[in-house]
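In: Fold the following.
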Amino acid sequence: MHPKNINIRDFTYELPESRIAKYPLTARDDSKLLIYQQGRITEDRYRNIADYFSPGSFLLFNNTRVIEARILFQKPTGGVIEIFCLEPHEQYGEIRSAMSQQGKVLWKCLIGGASKWKKGDKLEKKIQLDQSLILLQANYIGKKETYFVIEFSWQPGSLSFAELIHIAGITPLPPYIKREVDKSDSERYQTIYAKYDGSVAAPTAGLHFTDHIFNQFREKNILWDFITLHVGAGTFQPVKTERLEQHVMHGEFIEVSKKLIEKILVLTEGKLIAVGTTSMRALESLFWLGVRVISQPTIEKQELVINQWDAYEMDTKNISPRSSLQSLLEWLDRNRLDKLITKTQLLIAPGYEFRMVRGLVTNFHQPQSTLLLLVAALIKEDWKKVYQYALDNDFRFLSYGDGCLLFGRD
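Out: Below is the predicted model:
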């Protein structure tokens, strides 16, 4: 069955509010870990996750960094307007360029209290930092169907937008964590290996990993590396249409070095594990990007993207992951690029054939979400058994909750 015909009501379950983790555990790796392999379920703690991988296994982590995407402005009349930064304006091409802008930048945003803010009006925020005063202005440029275009400008203009938002913004906790942000969230809603600014949500599977776990990997000859996919707010959007065909999958930026693609080409061979659904989407997208290059060897950089249904409608002609990745590397060489920066809208749902990844480390996801569909694509109908076990055995759910290690079913 083509995933377009999926009825989202088949992917729901009862999630009591009490099972949603409002805070992380004191120790990251003390979270419970459900292990699913060949239809069998066991449980352990994250600190022991290395015990479940064979030597030579290759784990890919998402090293995106969550930005303080919520900025609050107070109008002269006293009303508060919240600006939520979704992603940079398309004129920048990719996130890193936008984050490095100095003095001003255009951003796509959501607005809380938009009815109180007229187009053309500027909002101001003054921030005292040590002995300096930072002045931030937000100018309402225009409204699109699903977002507003906002121009931020600031003084001193020598600050980058990455530096500015770190000072001016608030950590964007998910909407289902119904509490105020506290100081600890700036550290705990971030992986210990977060590196590149750009996400408005954490790649939450990685929140459980500690130096202790990485040391265990070294001792057991388990390999790892990092890929970058900047997580957008769309990751929290439930599927609101009855059939998946009407759902529009959110797009997200991927950044992958040529060296990493070369490493994956050598080391995959059935031992590639994605840490998080974002890593899974990025890795699987690499295969489809290679397929696109094979069919269009002279494709331009801006056209090399993956759309929502490409994986179900492109002709692979028995293309292997190895030949796909090799073609992608050759395309990078022809274009004199040492990294691939593009956007993926890949929707992984039941009916998807995994090409790159055989296992997934992930948290427990919301009912009727595209993340739950991805899990169901990997372990088929057993997703119900896994989630019921978690509910029956006091696992904590969603971003600050516990997680699972899932090995795919043939």
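
In: Who are the contact partners of residue 84?
Out: With C-beta atoms under 8 Å, 6 or more residues apart in numbering as the criterion, the residues that contact residue 84 are 69, 70, 109, 110, 111, 112, 172, 200, 233. Just so you know, the C-beta spots here come from the backbone N, C-alpha and C atoms, and that holds for glycine as well.

In: what do you get if the cut-off is 7 Å, keeping everything else the same?
Out: By C-beta atoms under 7 Å, 6 or more residues apart in numbering, the contact list for residue 84 reads 69, 70, 109, 110, 172.

In: Skipping adjacent residues, who's closest to it in space?
Out: Using C-beta to C-beta, 6 or more residues apart in numbering and skipping residues adjacent in sequence, the residue nearest residue 84 is residue 110, 4.2 Å away.

In: hmm, back to that, export the contacts of residue 84 to CSV and tack on pLDDT, secondary structure and neighbour count?
Out: As requested, these are arranged in CSV below (pLDDT from 0 to 100; DSSP: H, G, I helix; E, B strand; the rest coil; neighbours: other C-beta atoms under 10 Å):
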residue, pLDDT, secondary structure, neighbour count
69, 93, coil, 23
70, 94, strand, 20
109, 91, strand, 22
110, 90, strand, 18
172, 92, coil, 21
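
In: a markdown table for these, including distance to residue 16?
Out: Shown next, in a markdown table, are the contacts of residue 84 (distance: C-beta to C-beta, whole Å):
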| residue | distance to residue 16 |
| --- | --- |
| 69 | 29 |
| 70 | 27 |
| 109 | 33 |
| 110 | 28 |
| 172 | 24 |
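
In: quick check, nearest of those to residue 26?
Out: Nearest to residue 26 among the contacts of residue 84: residue 172, at 22.9 Å, using C-beta to C-beta.

In: Touching, the closest one and residue 69? I think so.
Out: Yes - here residue 172 lies in contact with residue 69, judged by C-beta atoms under 7 Å, at a distance of 4.3 Å.

In: so what sits against both of the two?
Out: Common neighbours of residue 172 and residue 69, using C-beta under 7 Å, 6+ apart, are 84, 200.

In: Quick check: residue 322 is in a helix.
Out: Yes - for residue 322, which was evaluated using DSSP: H, G, I helix; E, B strand; the rest coil, the result is membership in a helix.

In: check contacts around it.
Out: Applying C-beta under 7 Å, 6+ apart, we find residue 322 in contact with residue 265.

In: what about it, distance to residue 382?
Out: As for residue 322, its distance to residue 382 is 29 Å (criterion: C-beta to C-beta, to the nearest Å).

In: my read: residue 105 touches residue 160, true?
Out: No - proximity of residue 105 to residue 160 does not meet the contact threshold set by C-beta under 7 Å, at 9.1 Å.

In: So for the two, which residue has more residues nearby?
Out: residue 105 (24 against 17; other C-beta atoms under 10 Å).

In: Could you grab the helix/strand/coil label for that one?
Out: Secondary structure for residue 105, judged by three-state DSSP, is strand.

In: same thing with residue 34?
Out: What three-state DSSP gives for residue 34 is strand.

In: buried stuff in stretch 259-278?
Out: When neighbours are counted by 16 or more other C-beta atoms under 10 Å, the buried residues of stretch 259-278 are found to be 260-261, 264-265, 268, 271-278.

In: now that stretch: mean pLDDT?
Out: Summarised as a single mean, pLDDT over stretch 259-278 is 88.

In: Dump it to CSV, keeping only the CA atoms.
Out: Only the C-alpha atoms of stretch 259-278 are listed here, as CSV (Å, rounded to 0.1, in the frame of the first residue of the first chain):
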residue,chain,number,x,y,z
LYS,A,259,34.3,12.7,4.5
LEU,A,260,31.3,11.3,6.4
ILE,A,261,29.7,10.0,3.2
GLU,A,262,33.0,8.3,2.4
LYS,A,263,33.0,6.8,5.8
ILE,A,264,29.4,5.6,5.6
LEU,A,265,30.2,4.0,2.2
VAL,A,266,32.9,1.9,3.7
LEU,A,267,31.3,1.1,7.1
THR,A,268,27.5,0.5,6.4
GLU,A,269,27.1,-3.2,5.5
GLY,A,270,24.1,-3.7,7.8
LYS,A,271,25.6,-2.1,10.9
LEU,A,272,24.4,1.5,10.6
ILE,A,273,22.3,2.7,13.6
ALA,A,274,20.5,6.1,13.6
VAL,A,275,20.3,7.9,16.9
GLY,A,276,17.1,9.7,16.6
THR,A,277,14.4,10.1,13.9
THR,A,278,16.2,13.2,12.5
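
In: and residue 186, how many neighbours does it have?
Out: The number of residues near residue 186, taken as other C-beta under 10 Å, comes to 14.

In: Which helix or strand contains it?
Out: helix 185-188 (DSSP states H and E).

In: for residue 319, what are its contacts?
Out: When contacts are counted by C-beta under 7 Å, 6+ apart, residue 319 touches 291, 294.

In: Having no further points to raise, I will conclude here.
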